[in-house]
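**Q** the following block contains a protein sequence and its predicted model.
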Amino acid sequence: MSTDQNSETGARLRERKLRHLYELVDCENNKKVLTEVDRLLKKQPDFPCAKTLKALALIRMGKVVEAREILDLVVSEVPTDDGTIQALSICFKELDDQPTMCKVLEAASKKLPSEELMTHCFMAQVRTNEYTKQQLTALNLYKMYAKPTYFGWAVASLLIKAKNLPPNDSGRALSLTLAERMLSKFLGDLEKDQVEESILLLYLETLSKQKKWEEVLTTLKNYIGYPNPASAWNNDYFYEVYTQALMELGKKNELFNYLQSSYFKNTEEYHLIHRIITLFKDDKQIGPEVNSLLKELLTNFPSHVSALSDLHYANATFNSGDSQSDFISRVRNDLEMACKYGASKPSFYTDIIRFVNSDLLGEEVKQEFMKMIGTSKEYNSIQSIIRDVNYELIERDLFPDPNPKARIARAERLVEKYFRGESVASSLRSGTESDSNLITKEADYHDQFLVIAASSLMAKYDDEINDFQGVLEEMRNGRVELDGVENLKLEDEANQEENEDKNYNLSDQECLLMLSIMLMEFGLKRCPFNHSLRILLIKAYTRIGAIQRACMVSTGLDIKHVQWDSLGYLVIWKVVRGGLYAISRQMLTVAESVYTNYKRDCMEHLISAYKFGSFGKIQEFEEFREQLLNSCQFGLIQVERMLLQIGSTTLSGSGSNSNPALNVSPYRAAKSFDFENEKGGVFWSQREFTDNRDFTLLQYLERESGNRPLENVKKASGETDINQLKIRRALLVLLTEMIVIVEENKEGDGKLARIDEAIKNIRENLDSLSKLKGKREDVPNFDGLWPPPQLQYVEMGCLSLVLELVGVVRQAITEPSSGGGDTGSCLVLMSDKITSFSTGVKGRLQEKLGKLSILMMGGVIEDIHHVVETLSFASILFDVAQKALKNLEDRKAKALASPPSSSSKKKKKGAPDPKTKATSTPPPDLSSLRQAHTSLRDLIIALRGADICSYPPATWNVAKKEWKGVISQKLIESVFSPFWDEVQHGIVDSYGLQLDQFVKAIDNNFKFISKIESGGAGQGH
C-alpha cells in the first residue's frame, strides 16, 4: 500500500474517532470525553485535536489550570489542521483569551500560508484590535489571491487605525495618506464599470477625513455621475458626502440647486426641505430663492409637508422689526393647510406643536387654530379619532388646566371620548378600505385619550409647591366637613361585617394621583399593549413607593437586550432602593449580562461586515460598541450589583441563608472583584461616560415650557449619575480593600494608599454633587430624577458614617497607639459614631411617620433602604475592626514569645514565659450597633401597622363615600367599582413585601453581629 493511501486511511480513522468525541462534547458529557481521549492517546499520543478536546472538557469542568497546561503543549507544536484550530478557537473563546488564539493563528499561517488560515488570522486580529497586523495580513492575502475584498480589508484596517489615534498624532495622517495612495492606484487600474461600491465608499471616506473636498466632488462626478447620479448608485453616504463637500467649498448655488432637485423627486420627504431651510434661511443671496420655492410648493404642491416647511421658514426668519400682521397672516394660512392635509395623521401633534406653542402667536390665533382642527361629538372613522386625539394633545399644551378641578373635568371628558372611540374602533376592527392601514393589533388610537387624561392628572406632582389644597371641598357638592377633609371619618355600609370595617380618608394631595392610577389600570386591562400607559403607571407607582407593583407593571414592557440601557432607568434604581433585594440581584445580573455578552459578541458584527464587504458599517459598529460599553448605566449596574453582593454577605454570616450563591463571606466576595486593568483607572476617574437613557418616553409628562425641560432634566440628572457612579465605585473599592487587607493581615501592596485615594475620590465627588443642584436652576422638578435622589443619601449622613468608621479602622491598623490599640477604645469610638447616626436617622424617620401619606411612602422607603444598607456596611466594618485588633494582639504576642538568642541557655528552647502569656480577649461590646438595628426595626414595624400599609385595605364599599361628588358616576361605575379593590390590594401587598424585606435584612444583621461577638463572622473564606 502506498504512502498516500496510508495517510488517507489514517485520516479517515482519526475522523471517525473524532466524530464520537464531537458528539460527547456537544452533549457536554465531559467525564466521558476525558475517558475516551485518554484511551485514544494511549494508542496515538501525537493527536493534538484529541488533546485540545480534553482541554475543552476540563475547562467546562472548571479545571482551568490543567486545561492551560494541555493547551500550552498543543500550542507549542504549532498545529495547522482545521480540527485542532477549531477546537483551540472554542477553548480560548470560553477562556476569554482571544490574544493567545491570535498568536496561534499567526504562527500557523506562517508555518502553512493558506487562504483559510490567513483569513482566520485576520479575523482573530480584528477581535484583538491589532490594526497594523490586520493591514499586513490583508495585504498578504491580496498579493497571494488578488481578491478585491482583501484589498478592502487592508484599507479599512488603516482607516480604523487612523480613527483610533488622536488628531495630532502623526500616525493618523500617515495612515490616511497611505490609504489614499493605495486606493488611487487600485482604482486607476480598473475600468469605471468595474469599480465596486464598497471600494468607492472607502476612497470617499479617506478623502473626506483629509478634507480633500475637491477630490471628493471629482470622484463622485467621474464614477457616479453627480449631481445626477444613476439609480444604481443609490447610497445615502454619497448624498451626504456630496452635500458636505459643496458646503465646505462654499458652493452654495450648486448645493441649493442639488437639494432642490432632490426634493422635487419626492415632495413628501420633509427632511429634505428642512435641510434647505436650515442651510439657507439667513443667506442674503439664496434666502429669497428659498422663499420663492416655498411659495411654489404652497401653490402647486399643497400638503402637510409644504405647510410645515413654510411654518418653519416663517418662524426662523421672523425679526422684531418685521410686520406682525404679515407674519400672522402667513402663519394662519399655513396652519389652515396643515390642518386640512395633516390633522388626521398620528404625527400631527409632534409636527405642529413647536410652531403653535410659540410666544410669537397670541391667544386669539391659538384659539382660531383649535377651531380649524375641530372636535367631533361622534366618530365615523379611525381618522376622526386620531384628529380628536391631536386636538386634545394640542389643547392641553396651549391651554393648560388652571387648577385640579379643571384637570379632573378634562380627565372625565377624555374618558367619555375613550368610550366613544372604543365603540367605533370595535365596529371597524375588521377594517375598511380607507381604515385598514390604521387598524393596529396592539394599541388602539383611542387609548391615547386615557394617556392624555392620566398625564394631565400627574403633571403637577413633581412641583415643590402645588395647588391641591381645598380641591375636595370644591368638588364635593354641599359636603359638610368635620374637622377638615383629611380627618373626616365615615361610617361603613350597614350591611358590611364589622371585621371588614376600615376607615378610608381621601386627601387633597392624593386624589389626582389615585385617579390617574385607576384610569391607567383600567386602560391596561382593556389594552395591555399600550406602553405609554404602562410607563406612566410605573412612574405613578414608584412615586408612591409601591415598587413591587411597579415591577409587575414593568414586565409588560418586555425590556430586553440593549433596552436595558435606554429603558432600564425607569425601574432598576427604584427597585434597588425599594427593599426588593432578591429582585434587585436578579435584575442587575440580567442587565449586566446584556453588556458583558455584547462585549464578548460584538466583534462578530465587525467580522460579518468585513466578510461581506460592508465597510461602511464597520465604523458604525465600532461607535455603537464604544457608546454602549461606556454607558453610565452600565457602570452603575456593575457597581450596585457588587455593593449589593458585599452588603448581602451578612446573610452568610447569619447562617440563615439557604442560597449557595449568597452564602459567601465578606472576604470571598471582596476577593472575587477585580479592579486591575480597568479602563479609566481603578476609580474610573479618567473614563468618559455616555448617557443613553431614552427620555422621549416621558414626553407626556413634559409641562408647557419653552426651555425644553426634559432635555434639561436628562442633562442635569446625567451629571449627577456620573458623580454618584464615581462615589459608589470609590466606596466599593474602599470596602473591598479594607476587608482584604485585614483578612490577609498585610499592609503592603499599596492597599492603604488605595484606601486613602478612595476616600479622597469620595470627598471630591461629594463636593461636586452638592454644588450641582445650585448650578442648574433651569431644571424643573421631576420626581425620581430631579432634585437628585443622591442628595437624600448624602444628607442622611450614611456616607459620612461609613467614611468615619473606615477612618477609625484604618487608624487602628496603622497607628494602634493613637487609634485605639486595644479592642475597647477602637470599638467604643465606632459605637459612638453609630449611636449619633442612629439618633439622627430616628428623628428624621419619626418626623415623616408623624405626617405619613401615600405620597410620602416613596421617600420613606428609600430612606429606610439607605439606613439598612449603611448598617450592613457598618456591621462588616465592625467585623473588620475586630479582626484588625485581633491581628494586632497576635503580632504582639508573637513578638513577646519569640525564641531566645543562642547565647541564652537558662530557659528550655521554646518554653513560654508566663509573664508574656496572652490573655484571652473579652467579647466586643456591640450594644450600640444592636440598638441602632433595633431602633430601625421598631420604626419599620410601626410603619407596617399604619393604615396605608396594613392589610386588608379599605374596600370600595368604604372608599366610595369619599369619592362621591369628586368624580362622575360614569367613572365610578366603569373604572373605580370594578378595579378599586384589586389596585388597593396590590399597593398594600407591595408595601408589606418591601417592609418585610427590610425587617429580614435587619434580622440577618443581628445574627451576623452575634457571629462577630462569638468571633465567627466572615469565616470560611
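**A** Perfect, I can see it now.
**Q** from Leu159, how far off is Phe186?
**A** Applying C-beta to C-beta, to the nearest Å, the value for Phe186 to Leu159 is 14 Å. (Glycine included, C-beta is placed from N, CA and C.)
**Q** and what of Asp334?
**A** 45 Å.
**Q** how about Glu592?
**A** From Glu592 to Leu159 the distance is 33 Å (C-beta to C-beta).
**Q** who has more neighbours, the two?
**A** Leu159 (21 against 17; other C-beta atoms under 10 Å).
**Q** just checking, that one touches Leu202?
**A** Yes. Between Leu159 and Leu202 there is a contact under C-beta atoms under 8 Å: 6.9 Å.
**Q** what do the two both touch?
**A** Contact criterion C-beta atoms under 8 Å, 6 or more residues apart in numbering; residues shared by Leu159 and Leu202: Ala179.
**Q** give me the neighbour count for Gly681.
**A** Gly681 has 12 nearby residues by other C-beta under 10 Å.
**Q** contacts only, for it.
**A** Arg687.
**Q** next one: Tyr418
**A** Applying C-beta under 8 Å, 6+ apart, we find Tyr418 in contact with 446-447, 449-450, 453, 523.
**Q** and the residue nearest to Ser608 when sequence neighbours are not counted, how far is that from Tyr150?
**A** Sequence neighbours aside, Ser614 is the residue nearest to Ser608 in space, at 7.7 Å (criterion: C-beta to C-beta, 6 or more residues apart in numbering). From Ser614 across to Tyr150, the span is 15 Å (C-beta to C-beta).
**Q** C-terminal to the helix or strand of the chain with the lowest mean pLDDT, what's the next element?
**A** The weakest-scoring helix or strand in the chain, judged by mean pLDDT, DSSP states H and E, is helix 816-819 (a mean of 49). With elements assigned by DSSP states H and E, the helix or strand that comes after helix 816-819 is helix 823-850.
**Q** in that next one, what's buried?
**A** Within helix 823-850, the residues that count as buried by 16 or more other C-beta atoms under 10 Å are 823, 825-827, 829-831, 833-835, 837-838, 841-842, 844-845, 848.
**Q** got it, and stretch 353-360?
**A** For stretch 353-360, by 16+ other C-beta under 10 Å, it's 353, 355-356.
**Q** now, which of these sits nearest Ala173?
**A** Phe355 (46.0 Å; C-beta to C-beta).
**Q** wasn't that closest one part of a helix?
**A** Yes. The assignment for Phe355 is a helix, going by DSSP: H, G, I helix; E, B strand; the rest coil.
**Q** which residues touch it?
**A** Contacts of Phe355 (C-beta under 8 Å, 6+ apart): 308, 311-312, 315, 331.
**Q** for the residue lying closest to Val988 once chain neighbours are set aside, grab phi and psi.
**A** For Val988, ignoring the flanking residues on the chain, the nearest one in space by C-beta to C-beta, 6+ apart is Pro953 at 4.5 Å. Main-chain dihedrals, Pro953, degrees, to the nearest 10: phi -80, psi 170.
**Q** Pro953: what's it in contact with?
**A** Pro953 is in contact with 502, 981, 984-985, 987-988, counting by C-beta under 8 Å, 6+ apart.
**Q** in helices, which of the residues you listed fall?
**A** Those of the contacts of Pro953 mapping onto helices are 981, 984-985, 987-988, per DSSP state H.
**Q** what subset of those is buried?
**A** Buried among the ones in helices among the contacts of Pro953 by 16+ other C-beta under 10 Å: 981, 984, 987-988.
**Q** around the closest residue to Val999 other than its chain neighbours, count how many other residues there are.
**A** Closest residue in space to Val999, ignoring its immediate chain neighbours: Ile940 at 5.7 Å, by C-beta to C-beta, 6+ apart. With neighbours defined by other C-beta under 10 Å, the count for Ile940 comes to 24.
**Q** Ile940 and His865 touch, don't they?
**A** No. Counting by C-beta under 8 Å, Ile940 stays clear of His865, with 11.1 Å between them.
**Q** find residues that contact each of these two.
**A** Phe998.
**Q** and the longest helix for this protein?
**A** From DSSP H, the single longest helix across the chain is helix 857-896.
**Q** please point out which parts of it sit buried.
**A** In helix 857-896, counting by 16+ other C-beta under 10 Å, buried: 857-858, 860-885, 887-889.
**Q** quick check: angle from it to helix 823-850?
**A** Comparing the axes of helix 857-896 and helix 823-850 via axes from the mean of the first three to the mean of the last three C-alpha atoms, to 10 degrees yields an angle of 180 degrees.
**Q** past helix 857-896, which element shows up next along the chain?
**A** Remark: after helix 857-896, the chain's next helix or strand is helix 927-944, criterion DSSP H and E.
**Q** in three-state terms, label Asp508 for me.
**A** coil.
**Q** again, but for Leu360
**A** Strictly by three-state DSSP, Leu360 counts as coil.
**Q** that one and Val331: what is the separation?
**A** Noted for Leu360: a distance of 8 Å to Val331, by C-beta to C-beta.
**Q** same question for Arg68.
**A** Counting by C-beta to C-beta, the gap from Arg68 to Val331 is 74 Å.
**Q** where does the stretch 551-700 of the chain dip in pLDDT?
**A** Along the stretch 551-700 of the chain, segments meeting pLDDT under 70 span 650-664, 677, 680, 700.
**Q** and the helices in it, which stretches?
**A** 563-566, 572-576, 581-611, 615-629, 632-647, 649-654, 666-671 (DSSP state H, counting those that start in this stretch).
**Q** neighbour-wise, which of the contacts of Phe355 leads?
**A** Ranked by neighbour count (other C-beta under 10 Å), the contacts of Phe355 have Leu311 at the top, with 24 neighbours.
**Q** who are the contact partners of Phe730?
**A** One thing to correct before we go on: residue 730 is Ala, not Phe. 683, 758-759, 761-762, 765.
**Q** okay if I get those residues as a markdown table plus distance to Glu116, secondary structure and neighbour count?
**A** As requested, those are exported to a markdown table (distance: C-beta to C-beta, whole Å; DSSP: H, G, I helix; E, B strand; the rest coil; neighbours: other C-beta atoms under 10 Å):
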| residue | distance to Glu116 | secondary structure | neighbour count |
| --- | --- | --- | --- |
| Phe683 | 45 | coil | 22 |
| Ala758 | 50 | helix | 24 |
| Ile759 | 56 | helix | 17 |
| Asn761 | 50 | helix | 22 |
| Ile762 | 54 | helix | 24 |
| Asn765 | 52 | helix | 21 |
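**Q** and of the residues you listed, the nearest to Glu269?
**A** The nearest one, if we look at the contacts of Ala730 relative to Glu269 and count by C-beta to C-beta, is Asn765, at 47.1 Å.
**Q** show the pLDDT at the closest one.
**A** Predicted confidence (pLDDT) at Asn765: the value is 87.
**Q** would you mind measuring from it to Val794?
**A** Taking C-beta to C-beta, one finds Asn765 at 10 Å from Val794.
**Q** same deal with Thr35?
**A** From Thr35 across to Val794, the span is 60 Å (C-beta to C-beta).
**Q** out of the two, which sits in the busier spot?
**A** Neighbours were tallied for Thr35 and for Val794 using other C-beta under 10 Å; the higher tally belongs to Val794 (17 against 13).
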